[in-house]
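Peer 1: Fold the following and give me the result.
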Amino acid sequence: MAAVSPFPRIEIVTPSLPGCSNGNAHTAGRWARFLAPLAQVRLATAWSGEPVQALIALHAWRSAPSIERFHAAHPGRPLAIVLTGTDLYRDIPREAGARQALRRASHVVVLQEEARRSLPPLQAEVRVIEQSATRVLRQDQAQRHFDFVAVGHLRDEKDPQVLLDAVGLLPGTLANGLPPRVLHMGAALQPHWQRAAEDAMRAMPHYHWLGGVAPLAARRWIARARALVHMSRMEGGAHVVIEAVRSGVPVLASRIDGNVGLLGRGYDGYFPPGHAQALARLMQRFAAEPAFAIHLAAQCALREPRFAPAVERAAVQALARDLLTSKIS
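Peer 2: Numbering: from 1, shown residues only. As a prediction, the model looks like this:
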């Protein structure tokens, strides 16, 4: 007879399993590793039906069927929902199913502090667990170009158009005497974004769309860049921003809750979302004023310790302990 493990069982439901190149998949894989000392962890795109001690669901709307089935089968068992940007800023306001899923939760997790402001009144406990990244040392920057990088799949929520428009407003030579080079990484998730990126490369020699890039390669590009440009309209808490901060690379970011929650309300590297002219001006100022670039780097450095893996691991394990000691029917 097979030995019975003394560990409790936790299932993590995520729209995308590890191996996919999106944020939910990376979060699920990281959390499974963090929880391994405390529980048997199963990853799935839908609840398996197994009578686990607790369920953790990433994405309220896309995981709503699993949440409903688990709640119906085990109404007293702990259920944590981890909210994404599309949950917070699109689906919960307009989708009754997402709001219903939230009402089933015993615990709700958001990925940055500003997200609390977007939540409807809840009975569940709400906690912030910021994501983490390993530290990758900043590398020598290119000497013949002034490199900006942007990392994120080309889809509407990431607003690739504002980057393309901003690049078109940059001069051929920046005030520091170097030509700009904008390296844009991410798969085009709709054909029209692929056409837009390819057209931009033909029209603007300083714009380079690299397509989908492996995570380690993307991190190396970030570490070599002068700044990360993060132009999203909607984020739960972008992991790429955390990766840049952990590499000592300043961030030029849209002023949305998902970025402000990570970088702080007093950060000076924001531009209004969707405003290409403001982004182009910010990029030019960053290149022209070394003191400004140093200031942004110092502001990022103050935030960097909170994104260490040990901090996230402790928070995730604390969540699991709370789930496993909650009332079980």
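Peer 1: among the helices and strands of the protein, which has the poorest mean pLDDT?
Peer 2: helix 85-86 (a mean of 84; mean pLDDT, DSSP states H and E).
Peer 1: following that one, which helix or strand shows up next?
Peer 2: Counting by DSSP states H and E, the next helix or strand C-terminal to helix 85-86 is helix 92-94.
Peer 1: Alpha carbons of whichever helix or strand comes after that following helix, as CSV, please.
Peer 2: Counting by DSSP H and E, the next helix or strand C-terminal to helix 92-94 is helix 96-104. Output of helix 96-104 as CSV, limited to C-alpha atoms (Å, rounded to 0.1, in the frame of the first residue of the first chain):
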residue,chain,number,x,y,z
ALA,A,96,-21.4,39.6,-12.5
GLY,A,97,-19.6,36.2,-12.6
ALA,A,98,-16.4,37.8,-11.4
ARG,A,99,-18.2,39.6,-8.5
GLN,A,100,-19.9,36.4,-7.6
ALA,A,101,-16.6,34.6,-7.5
LEU,A,102,-15.2,37.2,-5.1
ARG,A,103,-18.1,36.5,-2.8
ARG,A,104,-17.1,32.9,-2.6
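Peer 1: going forward can the numbers begin at 40, since that is how I track them
Peer 2: OK, 40 is where the count begins now, so the last one is helix 135-143.
Peer 1: Can you tell me the strand partners of the helix or strand just after helix 135-143 and which way each runs?
Peer 2: Heading C-terminal from helix 135-143, the first helix or strand you meet, by DSSP H and E, is strand 146-149. When pairs are called by DSSP bridges, strand 146-149 turns out to pair with strand 118-121 (parallel), strand 164-167 (parallel).
Peer 1: got the CA positions of strand 146-149 in CSV?
Peer 2: Provided in CSV are the C-alpha atoms of strand 146-149 (Å, rounded to 0.1, in the frame of the first residue of the first chain):
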residue,chain,number,x,y,z
HIS,A,146,-9.2,35.3,1.3
VAL,A,147,-8.5,37.8,-1.5
VAL,A,148,-5.0,38.7,-2.6
VAL,A,149,-3.9,41.7,-4.6
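Peer 1: quick one: it to chain centroid distance?
Peer 2: 16 Å (C-alpha atoms, centre = their mean, to the nearest Å).
Peer 1: likewise stretch 300-310?
Peer 2: 16 Å.
Peer 1: Ok, stretch 173-192 next?
Peer 2: Stretch 173-192 has its C-alpha centroid displaced from the chain centroid by 18 Å (C-alpha atoms, centre = their mean).
Peer 1: does residue 295 really touch residue 276, like I thought?
Peer 2: No: taking contacts as C-beta atoms under 8 Å, residue 295 lies outside contact range of residue 276: 10.7 Å. The way it works is simple: take the backbone N, C-alpha and C, and place the C-beta from them, glycine included.
Peer 1: okay, the two: which has more neighbours?
Peer 2: residue 276 (27 against 23; other C-beta atoms under 10 Å).
Peer 1: Let me know how buried the closest residue to residue 345 other than its chain neighbours is, in neighbour terms.
Peer 2: Excluding its sequence neighbours, the residue lying closest to residue 345 (C-beta to C-beta, 6 or more residues apart in numbering) is residue 169, at 6.0 Å. Neighbour count for residue 169, taken as other C-beta under 10 Å: 19.
Peer 1: wait, doesn't residue 169 sit right on residue 352?
Peer 2: No: look at residue 169 against residue 352 with C-beta under 8 Å: they stay out of range, at 11.7 Å.
Peer 1: coming back round to it: check the secondary structure at the residue nearest to residue 345 for me.
Peer 2: Following DSSP: H, G, I helix; E, B strand; the rest coil, the label given to residue 169 is coil.
Peer 1: now do residue 86
Peer 2: Three-state secondary structure (criterion: three-state DSSP) places residue 86 in coil.
Peer 1: The residue nearest to residue 211 when sequence neighbours are not counted: what's it in contact with?
Peer 2: Excluding its sequence neighbours, the residue lying closest to residue 211 (C-beta to C-beta, 6+ apart) is residue 218, at 6.1 Å. Residues near residue 218 by C-beta atoms under 8 Å, 6 or more residues apart in numbering: 183-185, 211-212, 245.
Peer 1: What subset of those residues is buried?
Peer 2: By neighbour count, with 16 or more other C-beta atoms under 10 Å, the contacts of residue 218 hold 184-185, 245 as buried.
Peer 1: Return the residues in contact with residue 236.
Peer 2: 193, 199, 203, 223, 227, 248.
Peer 1: The residue lying closest to residue 298 once chain neighbours are set aside: what secondary structure?
Peer 2: Excluding the flanking residues, the one nearest residue 298 by C-beta to C-beta, 6+ apart is residue 292, at 4.1 Å. Three-state assignment for residue 292 (three-state DSSP): strand.
Peer 1: bridging residues for residue 292?
Peer 2: Counting by DSSP bridges, the residues bridging with residue 292 are residue 269, residue 309.
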